[in-house]
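*Asks:* Here you go, sequence then predicted model.
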There are 2 protein chains.
Amino acid sequence: MMNRLAARIRELGAPVVVGLDPMLSYIPEGIKREAYAQYGETLEGAAQAVWQYNKGLVDQIYDLVPAVKPQIAMYEQFGIPGLSVYKKTVDYCHEKGLIVVGDIKRGDIGSTSGAYADAHLGEVKVGGNVFAPFAEDISTVNPYLGTDGVKPFVDVCKKHGKGIFVLVKTSNPSSGEFQDRLIDGRPLYEWVGEKVAAWGEEVREGEYSPVGAVVGATYPQMGKVLRGIMPHTMILVPGYGAQGGKAEDLAPYFQEDGSGAIVNSSRGIIAAYRQEKYASFGEEGYAEAARQAALDMIDEIRRVIPALG
Amino acid sequence: MMNRLAARIRELGAPVVVGLDPMLSYIPEGIKREAYAQYGETLEGAAQAVWQYNKGLVDQIYDLVPAVKPQIAMYEQFGIPGLSVYKKTVDYCHEKGLIVVGDIKRGDIGSTSGAYADAHLGEVKVGGNVFAPFAEDISTVNPYLGTDGVKPFVDVCKKHGKGIFVLVKTSNPSSGEFQDRLIDGRPLYEWVGEKVAAWGEEVREGEYSPVGAVVGATYPQMGKVLRGIMPHTMILVPGYGAQGGKAEDLAPYFQEDGSGAIVNSSRGIIAAYRQEKYASFGEEGYAEAARQAALDMIDEIRRVIPALG
């Protein structure tokens, strides 16, 4: 899956993943009004509003970017109706040809990690039938529990041709509290990065292993070191735009040939209409504003990574 | 919530939480047959089997133990129907007076952690209405992202009188890969333990803060050190029984007065009927076997922690 992602990035010249992280406050009033009219001011109503909002966004960006990254927390907050819309979003994005990165940040011990991996990337057997409950293509994974928390995901990746992005260095301000602490003179995130490379190397076929890494755009020097430690690892770079990461800082995450990284933007694209720059689209033009913001982001990145062509 | 949990442990003399982690392979054939007859060999059928299995278990143990800990991965693996049964299980346990620890191990950056916290412990506003989507009492949290990943959970705990157990030292074999690495001469889990104590101290009212810790039964020497570092922290102790933790090893996790810790057992109780010791209950007696296993576990712990009375 990582090699397929790398190929799609190259085809589109767009190492960009759109974060489908819908907050109710981003959703235009008109969409909410209609959803509440149909389902009431309920979790079902909120989920329906999220679904309509997402559909509008996906219809406007599916031809520009290789992938989307729905953040499951934003759906989980609306309970079962929210999670149903998460699944519906995954399916719709697949219909549109997008690669879906489920931003689930799961991670547990052995058989429990296995259950998560089956749920999101693999299959579950019930009697004589087999189901793929959520069916994302790639998911994010938390490494705090070590190899036996991550290994079940890697096994499922291998079996079903899927991928994972393991949290290595996250984009948030306090990520350094534990991740930057020095162990034998080197920060924890480097040790995690080495493990990511090793886990991936065991199952790699082609240029990129199924085991990717999350490295925040807000820490470019660390990105550079990690790029070196993990030569066959696709890097998912969150924190661009709204969180403070700048285009100029992105170069270290990429290989010389312009491959190897994909940059996420969530509210910078999906809620672009709320920025002064895109205000002229208006609330009703939220999806067209998102399209323009995605085009602008792709241009920005091409400017700093000329190898993308 | 942690003080309520401590009080219930004292009343029952039972520092035991039953892990409701249903694997399809644990569920008696008769229950599966009936569920599949009604819903087919589908995710709905599997979820229905889980629900009937759980209900039988809860009816047999609700008067013995203060709390249950459903592992959400085991429900998530059956997709939306599985998660609906997770919620149904939470509600049913509440009806029976049990405290519910949602073993969700979520953790993300700021607003995203906030969404998880609202989903599981807090409330979500939709228009003029307010909903508590999953409504557990306590949830488990992964600390890898640092304070701004955990703080939104702490805020929700404070506002709604809930609790969290933060992963400090997990029970699995490779937990040491990152958690045991030395930082300035002390293992990472100690640094995380200190943060847990500090996060809790800011919001503590009464003996125990809302911020508890997960420390595996398989590492008793580490349990002793962490008990010292976190004097007002309730410790959730997984890994007893099936994973290798023994009753004799539990003393270091408790305070002198016999409070401060709660020991989890999952398959050792819910699948007791598969052990030779409880085989005479038979498959149909799985719930009664679970009751007996819970009684035996409580006795074992009382033997090594005499202060429980």
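*Replies:* Great, that's in hand. Residues are numbered from 1 along each chain as shown, chains lettered A, B, ... in the order given.

*Asks:* What is the end-to-end distance of stretch A:201-210?
*Replies:* Using Cα to Cα, to the nearest Å, the end-to-end distance of stretch A:201-210 comes out at 9 Å.

*Asks:* and if you look at stretch A:6-19?
*Replies:* One end of stretch A:6-19 to the other measures 18 Å (Cα to Cα).

*Asks:* Does it reach chain B?
*Replies:* No. Against chain B, stretch A:6-19 shows no contacts by Cβ under 8 Å from any Cβ of the partner chain, the least distance being 10.1 Å. Where you see a C-beta, it was placed from the backbone N, CA and C, and this is true even at glycine.

*Asks:* Flag every buried residue along that stretch.
*Replies:* A:Ala6, A:Arg8, A:Ile9, A:Arg10, A:Ala14, A:Pro15, A:Val16, A:Val17, A:Val18, A:Gly19 (16 or more other Cβ atoms under 10 Å in any protein chain shown).

*Asks:* hmm, which two among those are most spread apart?
*Replies:* By the measure Cβ to Cβ, A:Arg10 and A:Gly19 form the most distant pair in the buried residues of stretch A:6-19, at 21.5 Å.

*Asks:* Chain B: which of the buried residues of stretch A:6-19 is nearest?
*Replies:* Nearest to chain B among the buried residues of stretch A:6-19 is A:Gly19, at 10.1 Å by Cβ to the nearest Cβ.

*Asks:* What's opposite the closest one in the beta bridge?
*Replies:* A:Lys69 (DSSP bridges).

*Asks:* Surely it touches A:Gln71?
*Replies:* Yes. If you go by Cβ atoms under 8 Å, A:Gly19 and A:Gln71 touch, sitting 6.2 Å apart.

*Asks:* Report the set of residues contacting both of these two.
*Replies:* A:Asp103, A:Ser266 (Cβ atoms under 8 Å, 6 or more residues apart in numbering or on different chains).

*Asks:* ok, now which ones touch A:Gly122?
*Replies:* A:Gly122 neighbours (Cβ under 8 Å, 6+ apart): A:Ala132, A:Val156, A:Lys159, A:His160, A:Lys162.

*Asks:* Next up, identify which helix or strand it is on.
*Replies:* Under DSSP states H and E, no helix or strand contains A:Gly122.

*Asks:* Same question for A:Tyr116.
*Replies:* Using DSSP H and E, A:Tyr116 falls in helix A:110-120.

*Asks:* now the buried residues of stretch A:6-19 in JSON lines, with distance to A:Leu64 and secondary structure?
*Replies:* Compiled in JSON lines, these are given as follows (distance: Cβ to Cβ, whole Å; DSSP: H, G, I helix; E, B strand; the rest coil):
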{"residue": "A:Ala6", "distance to A:Leu64": "17", "secondary structure": "helix"}
{"residue": "A:Arg8", "distance to A:Leu64": "11", "secondary structure": "helix"}
{"residue": "A:Ile9", "distance to A:Leu64": "12", "secondary structure": "helix"}
{"residue": "A:Arg10", "distance to A:Leu64": "14", "secondary structure": "helix"}
{"residue": "A:Ala14", "distance to A:Leu64": "6", "secondary structure": "coil"}
{"residue": "A:Pro15", "distance to A:Leu64": "12", "secondary structure": "coil"}
{"residue": "A:Val16", "distance to A:Leu64": "8", "secondary structure": "strand"}
{"residue": "A:Val17", "distance to A:Leu64": "11", "secondary structure": "strand"}
{"residue": "A:Val18", "distance to A:Leu64": "9", "secondary structure": "strand"}
{"residue": "A:Gly19", "distance to A:Leu64": "14", "secondary structure": "strand"}
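
*Asks:* Mind exporting the C-alpha coordinates of stretch A:161-180 to PDB?
*Replies:* C-alpha atoms of stretch A:161-180 as PDB (Å, rounded to 0.1, in the frame of the first residue of the first chain):
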ATOM      1  CA  GLY A 161      -1.300  -5.400   1.500                       C
ATOM      2  CA  LYS A 162      -2.100  -2.600   3.900                       C
ATOM      3  CA  GLY A 163       0.100   0.000   5.700                       C
ATOM      4  CA  ILE A 164       0.600   1.700   9.000                       C
ATOM      5  CA  PHE A 165       2.100   5.000  10.200                       C
ATOM      6  CA  VAL A 166       3.700   4.600  13.600                       C
ATOM      7  CA  LEU A 167       3.900   7.700  15.800                       C
ATOM      8  CA  VAL A 168       7.500   8.700  16.100                       C
ATOM      9  CA  LYS A 169       7.700  12.400  16.700                       C
ATOM     10  CA  THR A 170       4.300  14.100  17.000                       C
ATOM     11  CA  SER A 171       3.500  17.700  16.000                       C
ATOM     12  CA  ASN A 172       2.100  18.900  19.300                       C
ATOM     13  CA  PRO A 173       3.900  21.400  21.600                       C
ATOM     14  CA  SER A 174       4.400  18.900  24.500                       C
ATOM     15  CA  SER A 175       5.500  16.000  22.300                       C
ATOM     16  CA  GLY A 176       9.000  16.400  23.600                       C
ATOM     17  CA  GLU A 177       8.100  15.600  27.200                       C
ATOM     18  CA  PHE A 178       8.800  11.900  26.600                       C
ATOM     19  CA  GLN A 179       9.700  11.700  22.900                       C
ATOM     20  CA  ASP A 180      12.700  14.000  23.100                       C
END
